[in-house]
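> Just the structure for this:
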Amino acid sequence: MLIRYFYIFLLISSYTTHVFASPSSELGNLLTSIKTIQASFTQTIYDNRNKPAQRSFGKMAMKRPDQFRWEVIKPIPQLIISNQSRLWIYDPDLEQVTIRSLKQTIGEAPSMLLNYNNAALDKEYVVTVLQKKSSTLHWFALTPKNPDNVFVAVQLGFANNIINQMRLQDHLGNTTFIQFENIKANTSLPVTLFVFKVPAGIDVIDETNEHSQTKR
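Below you'll find the model as predicted:
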């Protein structure tokens, strides 16, 4: 389940206000300005009654284009890595890793719009700027034009020109809230962050071809 939230973190970048730009153009400029980012995160999932159902803690890293690292440290460890073409989902508790084509997941990952330009944003999302009187953050709201999207609404909150919070709502009314801290943007990142080596004795589920394979 965490896989669908992972991609969200690819949206991250710093924010610069463009007074005369449309919301979509503002966000497009935002997405293309960020090259790398590292941060720690707290992710809380609320049910449709707004009661906290799950909380996790971890750290993430991103490097354009399409290189991601999303590591849940607790309560249940999980590591997700992408290196442009493939995605590895490693579950230590299950002693297995699942390999997917990155293209397989684009449709269910709003955060993949990190690589979008303004034209792509206009094609797939309705982008607006939210005015929240009780918030000091600058918020974007993204509504997918495709009704089959995993999320029905995505909100991005920025503070001091840097992503600070995210809110995502699914079709069941569940809301995921993500708080970022210790953010470092546009710094040099080691290549090893985005390389996954399969540990010995781990089951490998390869879903990159038509007939998925399992091997150890």
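
> Sheet-wise, list the partners of the one helix or strand Phe57 maps to with their directions.
Using DSSP states H and E, the element containing Phe57 is strand 52-63. Using DSSP bridges, the strands paired with strand 52-63 are strand 36-46 (antiparallel), strand 67-74 (antiparallel).

> which one's the longest helix in this structure?
Using DSSP state H to define each element, the chain has its longest helix at helix 23-33.

> burial count for Ile73?
13 (other CB atoms under 10 Å). Just so you know, the C-beta spots here come from the backbone N, C-alpha and C atoms, and that holds for glycine as well.

> do you know how far it is from Phe41?
10 Å (CB to CB, to the nearest Å).

> Also Thr136?
Distance, Thr136 to Phe41, by CB to CB: 20 Å.

> Pick out whichever of the two has more residues nearby.
Set Thr136 next to Phe41 and count neighbours by other CB under 10 Å: Phe41 wins out with 21 against 9.

> I'd assumed Arg55 was in contact with that one.
No - using CB atoms under 8 Å, Phe41 is not in contact with Arg55, being 11.0 Å away.

> that older thread, any chance of the strands paired with strand 52-63 in JSON lines, with distance to Trp88 and mean pLDDT too?
Output for the strands paired with strand 52-63, formatted as JSON lines (distance: least, CB to CB, whole Å; pLDDT from 0 to 100):
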{"stretch": "strand 36-46", "distance to Trp88": "19", "mean pLDDT": "93"}
{"stretch": "strand 67-74", "distance to Trp88": "10", "mean pLDDT": "92"}
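
> any chance of those strands in TSV, with distance to Gly201 too?
Output for the strands paired with strand 52-63, formatted as TSV (distance: least, CB to CB, whole Å):
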stretch	distance to Gly201
strand 36-46	29
strand 67-74	21
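
> For Phe177, which of those is the nearest?
strand 36-46 (4.9 Å; CB to CB).

> for that closest one, the distance to its chain's centre please.
With CA atoms, centre = their mean, to the nearest Å as the basis, strand 36-46 stands 9 Å off its chain's centre.

> same check, this time on stretch 157-166
Offset of stretch 157-166 from its chain centre (CA atoms, centre = their mean): 14 Å.
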